[in-house]
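Trainee: 3D, please:
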Amino acid sequence: MINDPPEFCKTVEKLVKDDIYDSYIDAVLHVCDEIKVEPFVGARLLSQPIKEKIRKEGQDINLLPRTGSLPL
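Mentor: Here you go, the predicted structure:
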């Protein structure tokens, strides 16, 4: 059972790293379903780096508007 934010984030990262899920969005939804919590509750458990990765995924698939960024 996942009890704390670091453990939740570690589980999400492992699912993506092990190629079980292609996206952080899908991995978060899977973990939320697994521990029987609503996605909005799971969102509170996410670390800032994972939130940024999800934001980038959302922009890449046109779910979120793109923000201005400088090319590297």
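
Trainee: helices along the protein, start to end?
Mentor: For the chain, the helices defined by DSSP state H occupy 5-17, 24-34, 39-44, 48-60.

Trainee: packed most tightly, which of those helices would that be?
Mentor: Ranked by mean neighbour count under mean count of other Cβ atoms under 10 Å, the helices of the chain are led by helix 24-34, which reaches a mean of 18. Where you see a C-beta, it was placed from the backbone N, CA and C, and this is true even at glycine.

Trainee: which residues are contacting that helix?
Mentor: Here helix 24-34 makes contact (Cβ atoms under 8 Å, 6 or more residues apart in numbering) with 2, 8, 11-12, 15-16, 20-21, 38-39, 41-43, 46, 50, 53-54, 57-58.

Trainee: 6 Å instead, please
Mentor: 11-12, 15-16, 21, 39, 42, 50, 53-54, 57 (Cβ atoms under 6 Å, 6 or more residues apart in numbering).

Trainee: state the pair within those residues that is farthest apart.
Mentor: T11 and E57 (17.7 Å; Cβ to Cβ).

Trainee: show me what contacts L45?
Mentor: By Cβ under 6 Å, 6+ apart, the neighbours of L45 are 5, 8.

Trainee: state the pLDDT value of it.
Mentor: pLDDT, L45: 95.

Trainee: quick revisit: closest one to G68 among the helices of the chain?
Mentor: helix 48-60 (11.4 Å).

Trainee: if we can go back for a sec, including distance to G68, could the helices of the chain go into CSV?
Mentor: As requested, the helices of the chain are exported to CSV (distance: least, Cβ to Cβ, whole Å):
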stretch, distance to G68
helix 5-17, 27
helix 24-34, 22
helix 39-44, 25
helix 48-60, 11
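
Trainee: minimum distance to T67: which of the ones you listed has it?
Mentor: Per Cβ to Cβ, nearest to T67 of the helices of the chain: helix 48-60, 7.4 Å.
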